[in-house]
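*Asks:* From the sequence below, what's the structure:
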Amino acid sequence: MQVIAVSNRKGGTGKTTVCVNLASELAARGSRVLVIDLDSQGHCAVGLSIEDCGSTPSVHQVLDCSGSLHDAIQPTKLANLWLAAADPRFAHGRLSTDEQALRRAIASAALADRFDFILIDTPPSLDSLLINGLTAADRLLIPFVPHPLSFQGVRQLAKLLFSVISRNNATLKILGFLPVMAAEHVRQHRAMSAQVAREFGAARMLPPIRMDIRVAEAFGAGIPIRLYAPSSRGNEDFRALGEEVLRRMV
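*Replies:* As a prediction, this is how the structure comes out:
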């Protein structure tokens, strides 16, 4: 089993969209995939058309020791794809400082026997939720919009990464940096992607997700892009991303 955290310290970088569509792509290829939504906005449930999460324990209840991860896992409408949903009512003020809670929950629920991949959608906030996501992960996927503010979020996450590796998770590695909503004809987009490649290594760049309104429409409809618009360039890009992620995880 491989655990991938999808993170950026800047909000609005497409983390949840990437998480949902990459998960559905891996599931469509036969992998058993669990999405864990640590972001209290709870948007993974929206992107997967799960409307009533209140009857199932949330992953946030697991982290504040009032629920079990096994009980929080629910099937989606897609084959091979499950979700441990967030609690939109979760108050960060009551958050435990235990940075290993999610890692222990994954181990105690014996999820390695049930899933091939776990994708963790992390919040941008610098708190125990983000640290838990990074501590539980094997690999880190960093989506970024080719914009200066998003790039600052990448830099902030990179600094945090060194701290997490030294304190909590020595085996955590960067899977790659993923440009999203990318437009090659926009000079700033080309420049920012090139800057990320220079600063962190060209070999760590993932194939971009180009700007495509169909991706946003699909998320709003609660359907992964591969089903909503299979002939779109958004689906083409997520298919290429799935192939590259599988290649790098070997």
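
*Asks:* can you pull the contacts of Val154?
*Replies:* Under the criterion of C-beta atoms under 8 Å, 6 or more residues apart in numbering, the contact partners of Val154 comprise Asn8, Arg9, Lys10, Ile142, Phe144, Phe177, Val196, Phe200. From N, CA and C alone the C-beta is placed, and that goes for glycine too.

*Asks:* at 10 Å instead, please
*Replies:* Val154 makes contact with 7-10, 13, 142-144, 177, 192, 195-196, 199-200 under the criterion C-beta atoms under 10 Å, 6 or more residues apart in numbering.

*Asks:* can you tell me which two in those residues are farthest apart?
*Replies:* With distance counted by C-beta to C-beta, no two of these lie farther apart than Ser7 and Gln195, which are 19.0 Å apart.

*Asks:* Can you give me the pLDDT of Leu95?
*Replies:* For Leu95, the model assigns a pLDDT of 64.

*Asks:* start the count at 334, not 1, going forward
*Replies:* I'll keep to 334 as the first residue from here, and by that count the last item is Leu428.

*Asks:* what mean pLDDT does the longest helix along the chain have?
*Replies:* Looking only at the chain and at elements set by DSSP state H, the helix with the highest residue count is helix 481-500. When the per-residue pLDDT values of helix 481-500 are averaged, the result is 84.

*Asks:* Show me what secondary structure element comes after that helix.
*Replies:* The element immediately downstream of helix 481-500 (helix or strand, assigned by DSSP states H and E) is strand 506-515.

*Asks:* rewinding a little: alpha carbons of the longest helix of the chain, as CSV, please.
*Replies:* The C-alpha trace of helix 481-500 is given here as CSV (Å, rounded to 0.1, in the frame of the first residue of the first chain):
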residue,chain,number,x,y,z
PRO,A,481,3.7,33.8,-7.3
LEU,A,482,1.4,33.3,-4.3
SER,A,483,1.0,29.6,-5.1
PHE,A,484,4.8,29.3,-5.5
GLN,A,485,5.2,30.8,-2.0
GLY,A,486,2.9,28.1,-0.7
VAL,A,487,5.2,25.5,-2.3
ARG,A,488,8.2,27.1,-0.6
GLN,A,489,6.5,27.2,2.8
LEU,A,490,5.5,23.5,2.4
ALA,A,491,9.1,22.6,1.4
LYS,A,492,10.4,24.1,4.7
LEU,A,493,7.8,22.3,6.7
LEU,A,494,8.7,19.0,4.9
PHE,A,495,12.3,19.1,6.2
SER,A,496,10.9,19.5,9.7
VAL,A,497,8.4,16.6,9.3
ILE,A,498,11.1,14.3,7.9
SER,A,499,13.5,15.0,10.7
ARG,A,500,10.9,14.7,13.5
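
*Asks:* got the angle between that helix and strand 506-515?
*Replies:* Between helix 481-500 and strand 506-515, the angle formed by their directions is 170 degrees, by axes from the mean of the first three to the mean of the last three C-alpha atoms, to 10 degrees.

*Asks:* ok, and for helix 481-500, which residues are buried?
*Replies:* By neighbour count with 16 or more other C-beta atoms under 10 Å, helix 481-500 contains the buried residues Ser483, Phe484, Gly486, Val487, Leu490, Ala491, Leu493, Leu494, Val497, Ile498.

*Asks:* Stretch 439-454 too?
*Replies:* Residues of stretch 439-454 classed as buried: Ile439, Ala442, Leu444, Phe448, Asp449, Phe450, Ile451, Leu452, Ile453, Asp454 (neighbour count, 16+ other C-beta under 10 Å).

*Asks:* Ok, stretch 500-511 next?
*Replies:* In terms of neighbour count (16+ other C-beta under 10 Å), stretch 500-511 has its buried residues at Asn501, Asn502, Leu505, Leu508, Gly509, Phe510, Leu511.

*Asks:* How far off centre is it?
*Replies:* 13 Å (C-alpha atoms, centre = their mean, to the nearest Å).

*Asks:* what's the answer for stretch 442-450, then?
*Replies:* Average the C-alpha atoms of stretch 442-450, do the same for its chain, and the two points are 17 Å apart (C-alpha atoms, centre = their mean).
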